[in-house]
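Asks: Any chance you could fold what I've pasted below:
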Amino acid sequence: MAASSLFLVILLCGLATAADVFAHFMVANTYNYTQNEWKADFVSASEIGIDGFALNWGPPDCSLAPNSQDWYVARIEDAFAVAATNEFKLIYSFDMSYTPAACSIGWNTTFMATMISKYAKSPAAYIWNGDVLVSSYGGEGYGNEFFAELKSVLAGEGAQSADPNGVATGQAWPADTDTNLTAGVDVEFQAAFENAGRTGPYIMGVSPWQFKDFNDGYYNSWVEYSDVLFPNRWEQALSTVQPDIVEIITWNDFEESHYIRDLPPVAGPAAVGFGVTGAYIYGQTHSAWRVMAQYYISWYKTGLAPKVTEDRVVFWYRVHPKEVPCSSGTNNIGVVRNAAYPADAVFAWALVSENSTISMNVGSNQNWTFQATTCGPKLHMVPFPNGIDNVYPSVAVQRGEETLHAATGAVAITEACAYENYNPVVGLTGPALTASPKMGNGSGTKGKPKKPKHQKKLC
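Replies: Numbers count the residues shown, from 1 in each chain. This is a model prediction of the structure:
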């Protein structure tokens with residue numbers, strides 16, 4: 001996922017804040033949704049300080065069922081209806097990177113203008129400096145004439161639109177390299193659009209992981225180096241980039257393994273038809289990453305590290321060593337691109353209210369410890385031992401002779417793997433997440449917002 005374009009559509013007057021947080025949301029995974037499922041997602045996201053979703057959806061202009069994607073429109077109508085009564089914001093993210101095989105055309109300007117205008121005055125519409133914010137993923141292939149026509153159609157509907165005025169970076173992962181992603185790309189984008197006199201927001205993508213397996217025998221399955229990506233990107237957002245908006249990538253893109261939402265059920269309104277990709281999704285919970293996100297979201301919005309009153313350790317790991325052949329999936333290390341990059345290890349991110357010892361067990365690697373302090377989050381890792389088989393890693397918080405909290409991973413690590421899987425399991429030691437206090441939802445001081453100065457060091 002590369003940088004996505006973003007444009008501001010001037011439709012009504014309104015207010016804006018800086019330091020808002022959105023999560024990228026795949027509308028394609030809502031086929032079975034009712035308004036109840038939308039509300040559950042909005043409530044869950046709001047609990048950790050997320051202000052809204054960037055709704056990613058593809059062209060709905062296909063011909064007949066079952067190829068028709070017209071159901072997207074009905075789901076989006078439900079989303080705006082529910083968001084409007086739940087103080088939750090929505091942004092369009094038109095996916096212009098592809099045209100579905102069943103479609104003769106992709107997006108058209110009349111349909112896009114209609115959908116933009118339809119919800120412009122909704123309480124759920126996100127306003128930036130008086131403008132409704134609209135974004136796209138990709139779009140360069142459509143050319144300038146397409147967007148000029150879109151402006152013309154909007155004007156015909158009584159809506160004046162601005163030129164592309166900001167940028168949303170989807171480069172939230174290292175690009176086929178086994179080194180940590182730096183903030184260099186973000187800093188360059190920020191400087192470029194500010195030097196060009198753009199007034200729109202800079203939206204920084206922050207993501208925990210990326211892995212996708214098409215399992216089709218072709219060289220189009222990949223994993224990016226993501227071992228400690230999530231905390232590193234948040235630290236960059238706080239200390240270096242300080243973007244206008246952070247976009248978590250993603251809330252529910254299960255197929256690319258960077259979801260922070262709870263896993264969907266196998267059946268029912270919230271079920272998703274994964275097909276073969278379900279083999280590396282079901283059972284691979286990522287919910288505890290919301291604990292990490294909640295901490296950094298609060299810091300990002302207030303400029304101050306949150307006061308820690310409870311002990312928690314978020315830990316994550318893959319379910320088999322990378323060198324071993326699995327009985328199914330793309331079980332050839334030359335097929336999953338970058339398969340050699342991830343470390344065979346259990347990673348832990350500790351946040352404690354008092355200085356503590358964190359103890360980790362991974363098979364024969366027993367009682368590996370590190371010290372966590374009140375100076376902020378602490379990262380650590382324990383490697384897989386040789387010959388690991390049916391091992392459930394465990395993590396404990398200790399002070400003195402007392403073990404205060406302990407937890408065991410939900411899925412075993414084994415060399416006898418049934419499916420080649422680079423999607424991690426994420427666990428939590430300590431109490432479950434509690435809801436954040438409300439910290440704004442896209443309304444604030446009119447005019448150029450001022451971002452909070454961030455406290456860079458705790459101790």
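
Asks: can you tell me the helix or strand for residue 152?
Replies: Using DSSP states H and E, the element containing residue 152 is helix 143-156.

Asks: State the mean pLDDT of that helix.
Replies: The average of the pLDDT scores along helix 143-156 is 84.

Asks: Going by neighbour count, which residues of that helix are buried?
Replies: Residues 146, 147, 149, 150, 151, 153, 154 are the ones in helix 143-156 that count as buried (16 or more other CB atoms under 10 Å). Heads up, the C-betas are built off the backbone N, CA and C, glycines and all.

Asks: between those residues, which is closest to residue 118?
Replies: Among those, residue 154 lies closest to residue 118 (CB to CB), at 11.9 Å.

Asks: in a strand, that's where residue 346 is, yeah?
Replies: Yes. When DSSP: H, G, I helix; E, B strand; the rest coil is applied, residue 346 is found to be in a strand.

Asks: Please name the bridge partners of it.
Replies: Using DSSP bridges, the bridge partners assigned to residue 346 are residue 317, residue 382.

Asks: same deal with the one 4 residues further on?
Replies: Beta-bridge pairing of residue 350 under DSSP bridges involves residue 313, residue 378.

Asks: and it, how many neighbours does it have?
Replies: Neighbour count of residue 350, defined by other CB atoms under 10 Å: 25.

Asks: How about residue 111?
Replies: Here the count is done by other CB under 10 Å, and residue 111 has 14 residues near it.

Asks: Can you classify it by secondary structure?
Replies: The three-state label given to residue 111 by three-state DSSP is helix.

Asks: And the strands in the stretch 351-459 of the chain, which stretches?
Replies: Secondary structure of the stretch 351-459 of the chain by DSSP state E, counting those that start in this stretch: the strands cover 356-362, 365-372, 378-383, 394-399, 402-408, 425-429.

Asks: Out of those strands, which is closest to residue 231?
Replies: Nearest to residue 231 among the strands of the stretch 351-459 of the chain is strand 378-383 (6.4 Å), distances taken as CB to CB.

Asks: buried stuff in the closest one?
Replies: By neighbour count on 16+ other CB under 10 Å, the buried set for strand 378-383 is 378, 380, 381, 382.

Asks: same thing with stretch 357-365?
Replies: Within stretch 357-365, the residues scored as buried using 16+ other CB under 10 Å are 357, 358, 359, 360, 361, 362, 363, 365.

Asks: just checking, the last one touches residue 386?
Replies: No. Using CB atoms under 8 Å, residue 365 is not in contact with residue 386, being 10.0 Å away.

Asks: measure the closest residue to residue 384 other than its chain neighbours to residue 109 for me?
Replies: Ranked by CB to CB, 6 or more residues apart in numbering and with sequence neighbours excluded, the top spatial neighbour of residue 384 is residue 344, at 4.1 Å. Per CB to CB, to the nearest Å, residue 344 is found 50 Å from residue 109.

Asks: Check residue 402 too.
Replies: Note on residue 402: its distance to residue 109, by CB to CB, is 65 Å.

Asks: Likewise for residue 324?
Replies: In this view, residue 324 and residue 109 are 51 Å apart by CB to CB.

Asks: With residue 146 instead?
Replies: Distance of residue 146 to residue 109, given as CB to CB: 7 Å.

Asks: hey, where'd the helices end up in this structure?
Replies: 35-47, 71-84, 109-118, 143-156, 184-195, 229-236, 289-302 (DSSP state H).

Asks: thought residue 335 was touching residue 223?
Replies: No. Here residue 335 lies out of contact with residue 223, judged by CB under 8 Å, at a distance of 11.2 Å.

Asks: Comparing those two, which residue is more hemmed in?
Replies: Set side by side, residue 335 and residue 223 show more neighbours around residue 223, with 24 against 20, by other CB under 10 Å.

Asks: Now that that one has come up, it's in contact with residue 210, right?
Replies: Yes. Using CB under 8 Å, residue 223 makes contact with residue 210 at a distance of 6.7 Å.

Asks: Next one: the residue nearest to residue 384, what pLDDT does it get?
Replies: Predicted confidence (pLDDT) for residue 344: 98.

Asks: Please list all residues in contact with it.
Replies: For residue 344, the contact set (CB atoms under 8 Å, 6 or more residues apart in numbering) comprises 318, 321, 322, 383, 384.

Asks: cool, residue 180 as well?
Replies: Here residue 180 is in contact with 174, 225, 228, 229, 232 (CB under 8 Å, 6+ apart).

Asks: which residues does the third one contact?
Replies: With contacts defined as CB under 8 Å, 6+ apart, residue 228 is in contact with 180, 347, 379.

Asks: Could you pull up phi and psi at the first one?
Replies: Dihedral angles of residue 180 (phi, psi; degrees, to the nearest 10) stand at phi -70, psi 140.

Asks: can you tell me how far it sits from residue 305?
Replies: Plainly put, residue 180 is 22 Å away from residue 305 if you go by CB to CB.

Asks: got a markdown table for the contacts of residue 344, with distance to residue 309 and pLDDT too?
Replies: Below are the contacts of residue 344 laid out as a markdown table (distance: CB to CB, whole Å; pLDDT from 0 to 100):
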| residue | distance to residue 309 | pLDDT |
| --- | --- | --- |
| 318 | 32 | 98 |
| 321 | 38 | 96 |
| 322 | 38 | 93 |
| 383 | 32 | 99 |
| 384 | 34 | 98 |
